[in-house]
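Chemist: Model the structure of this input:
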Amino acid sequence: MKKLLFVLLTFCALPLLAQKPKYVLLIGIDGLGGYAFPKAETPNIDELAKNGASTYTAKCVMPSSSSQNWASMIMGAPPKYTNIPRNGFSIKKATGTAYCGRPKGRLFPSIYTILREQKPTSKIVVLHHWGDYDRLVEDKDLTIRKHTKTEDSTAIAAVDVIKNGMPDLLFLHFDHVDHAGHSIGHNTDGYYKAVAKADSLVGVVIAALKTAGVYDDTVIILTADHGGKGKGHGGPSLVERNIPWIISGPGVNKNVSLINEINTYDTAATIAYVMGLTQPECWKGKPVTGAFKLNMKN
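Modeler: Residues are numbered from 1 along each chain as shown. As a prediction, this is how the structure comes out:
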């Protein structure tokens, strides 16, 4: 109880945003190392950074592979707390503990979980190119979850969702950059072509936000699960661990470089902050408040 009270008081003491966004779009590009900037042609992502706050040295959790990093990103805590330490994790083990006072049988609470609990009517949509992402979420928390088959179909599905009513929280997962890293190799022309393709799809999604008239009301966070070297990843090198972390939208400072260390599990805490949610005491992430224009008077 004391821990919970401390977290509540700390969260409530955070300064308020100068502008209140209506929506959050989280874009995850699998295998996109921070080292890829500015080597790749990324005009749309560069524009996001110019209009917001960014770093290319945010840190993924170890080992630098997918499941534990996508989990930590949305669950606000590193693997020692989420019980998702590797790609081949056991669902039974991951749901065998009661997290944050919840009953056994549920995963560690994610940003989707707390949004559903605290704002039950929220529209929450997850479109994931990587099929195994579905092991990290609970459909009861989501309005729509769809496994898309290609990076292009992910963008097409996103445009359709936005056109039919922007969700309160929309997550998009693109997997083809990681495919290029494994098949062609990181830091190769083929890899950078895949990054450029991801950038073009980000542009398609941003255009859809503008067409729907919701761009100015949407906070966009773009990040990744890990980088890589050679044809793999998982190790502690900076090219494997450093990832981009870019935020843009209402209330966000423009053209700001984020100098304090950001961990991938700070992403969930930042989304909670933007959406006015109280994060669970078992989360370890902290909102990246340095990215925002703050109204200290309220």
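
Chemist: buried stuff in the lengthiest helix in the chain?
Modeler: Using DSSP state H to define each element, the chain has its longest helix at helix 189-211. Across helix 189-211, burial judged by 16 or more other CB atoms under 10 Å covers 191-192, 194-199, 201-203, 205-206, 208-209. Every residue, glycine included, has its C-beta placed from N, CA and C.

Chemist: repeat for stretch 31-45
Modeler: 31-37, 40, 42, 44-45.

Chemist: mind exporting that stretch as PDB, just the C-alpha atoms?
Modeler: Extracted in PDB, the C-alpha atoms of stretch 31-45 (Å, rounded to 0.1, in the frame of the first residue of the first chain):
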ATOM      1  CA  GLY A  31      15.300  -4.300 -36.100                       C
ATOM      2  CA  LEU A  32      15.800  -0.500 -36.700                       C
ATOM      3  CA  GLY A  33      19.100   0.300 -35.100                       C
ATOM      4  CA  GLY A  34      19.900   3.800 -34.000                       C
ATOM      5  CA  TYR A  35      23.000   3.600 -36.100                       C
ATOM      6  CA  ALA A  36      20.900   3.700 -39.200                       C
ATOM      7  CA  PHE A  37      20.500   7.500 -38.900                       C
ATOM      8  CA  PRO A  38      21.400   9.500 -40.800                       C
ATOM      9  CA  LYS A  39      22.800   6.800 -43.200                       C
ATOM     10  CA  ALA A  40      19.400   5.800 -44.500                       C
ATOM     11  CA  GLU A  41      17.000   8.000 -46.600                       C
ATOM     12  CA  THR A  42      14.400   8.800 -44.000                       C
ATOM     13  CA  PRO A  43      12.700  12.100 -44.800                       C
ATOM     14  CA  ASN A  44       9.400  11.300 -43.000                       C
ATOM     15  CA  ILE A  45      11.100  10.100 -39.800                       C
END
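
Chemist: pretty sure residue 273 contacts residue 290?
Modeler: No - applying CB atoms under 8 Å, one finds residue 273 not in contact with residue 290, separated by 11.7 Å.

Chemist: Between these two, which has more neighbouring residues?
Modeler: residue 273 (24 against 13; other CB atoms under 10 Å).

Chemist: So the more buried one lies in a strand, does it not?
Modeler: No - applying DSSP: H, G, I helix; E, B strand; the rest coil, one finds residue 273 to be helix, outside a strand.
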